[in-house]
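J.: next input, structure requested:
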Amino acid sequence: MSIRSLTISLTHVSGPIGRPPKQNLSLFLSGFLMDDLHASGSVTLQSGTMTEFPVGPMDFEGLCRTAEAAGLVDRVPNVAGVQDTSNRWSLVLLHVSHEKGSHNLSLSLLSSGFRGPDAPGLQKFFDRLLTIAGVKDEIIRHDLTGF
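T.: Next up is the predicted model:
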């Protein structure tokens, strides 16, 4: 594992095309691994209830590995939204920082999600992050993980 610290801020909003979106998710996770792991996170869903969640060593190390595999350590992942004829759109804002730097990703999505060379890795990163946070919302998971 080449990174030992990770701070993530993720926002997901969506709504019908032509209408203002509603915020569905606000997620924050921060941790660093020295002798011990110091990590935690919080998530707020559309209901407005904020929930804190623990982040264990295996989860944190796996999240660091998937962040690296998605390209988030060296650059912004090479992905773009897929154009389709859906009637719903989403906006995803991701900020990732670590001891080697930081990157911001903004994705405007329709129902078909995103693609590109880094899409499979980014979908795995989002899946791991949402699983750690306990997020089960189908729209959010579909937009970010493809399933």
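
J.: mind listing what the host helix or strand of Val43 pairs with, with the direction of each?
T.: Assessed by DSSP states H and E, Val43 sits inside strand 37-45. Strands flanking strand 37-45 in the sheet, each with its direction: strand 22-33 (antiparallel), strand 50-54 (antiparallel) (DSSP bridges).

J.: only the buried residues of the longest one, if you could.
T.: Judged by neighbour count (16 or more other C-beta atoms under 10 Å), strand 22-33 contains these buried residues: 24-33. The C-beta positions use only the backbone N, C-alpha and C, and glycine is treated the same way.

J.: repeat that for the shortest one.
T.: For strand 50-54, the buried set under the neighbour-count rule, 16+ other C-beta under 10 Å, is empty.

J.: how far away from the center of its chain is that strand?
T.: Going by C-alpha atoms, centre = their mean, to the nearest Å, the spacing between the C-alpha centre of strand 50-54 and its chain's C-alpha centre is 16 Å.

J.: what's the answer for the longest one, then?
T.: Strand 22-33 has its average C-alpha position 8 Å from the chain's average C-alpha position, going by C-alpha atoms, centre = their mean.

J.: for the chain, give me the ranges with low pLDDT.
T.: Across the chain, the ranges flagged by pLDDT under 70 are 1.

J.: tell me which residue is most central in it.
T.: In the chain, the C-alpha nearest the mean C-alpha coordinate belongs to Phe126, at 4.4 Å (C-alpha atoms, centre = their mean).

J.: wait, doesn't that residue sit right on Leu144?
T.: Yes: using C-beta atoms under 8 Å, Phe126 is in contact with Leu144, at 3.8 Å.

J.: what does the longest helix seen in the chain rub up against?
T.: Counting by DSSP state H, the longest helix found in the chain is helix 119-133. For helix 119-133, contacts defined as C-beta atoms under 8 Å, 6 or more residues apart in numbering pick out 8, 10, 27, 29, 41, 43, 53, 55, 59, 62-63, 66-67, 69-72, 77, 79, 114, 140-141, 144-146.
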